[in-house]
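> coordinates only, sequence not included:
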């Protein structure tokens with residue numbers, strides 16, 4: 001059993017909260033941290049900039 005962090009991003013705060021709640025309630029994550037982030041990335045060969053919500057889950061590799 002090894003502790004790990006799993007990170008993803010979503011566009012809306014509502015979605016971040018729903019995802020965090022679902023995984024913690026299901027016992028797949030011990031906790032979740034939600035932070036607003038600014039992202040710079042390429043999409044279809046174009047440089048993009050936007051706001052997202054990062055969700056960091058603390059869990060174990062078995063889950």
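Received the coordinates, thanks. Remember, predicted model here, so these are calculated numbers, not experimental data.

> SS state for the residue positioned nearest the centre of the chain?
By Cα atoms, centre = their mean, the chain has its centre lying nearest to residue 55, at 2.5 Å. Classification of residue 55 by DSSP: H, G, I helix; E, B strand; the rest coil places it in strand.

> before we move on, what about residue 4?
Following three-state DSSP, residue 4 is assigned to strand.

> quick check: the residue nearest to the centre of the chain vs residue 4, distance?
Distance, residue 55 to residue 4, by Cβ to Cβ, to the nearest Å: 14 Å. Where C-beta positions appear, they are placed from N, C-alpha and C, glycine not excepted.

> tell me the confidence at the residue of the chain most remote from its centre?
Most distant from the centre of the chain: residue 45, at 24.6 Å, with distances by Cα atoms, centre = their mean. pLDDT for residue 45: 97.

> enumerate every residue touching it.
If a contact means Cβ atoms under 8 Å, 6 or more residues apart in numbering, then residue 45 has no contacts.

> need phi/psi at it.
Dihedral pair for residue 45: phi 60, psi 20, per degrees, to the nearest 10.

> can you show me the helices along the chain?
Using DSSP state H, the helices found in the chain span residues 13-25.

> okay, now the unreliable bits of it?
Along the chain, no part satisfies pLDDT under 70.

> recalculate using a threshold of 90.
Regions of the chain meeting the criterion pLDDT under 90 cover residues 63.

> dig out what residue 43 forms beta bridges with.
residue 46 (DSSP bridges).

> list the residues that contact the closest residue to residue 19 other than its chain neighbours.
Nearest non-adjacent residue to residue 19, counting by Cβ to Cβ, 6 or more residues apart in numbering: residue 55, 5.8 Å away. By Cβ under 8 Å, 6+ apart, the contact set of residue 55 is 7, 8, 9, 10, 16, 19, 20, 32, 33, 34.
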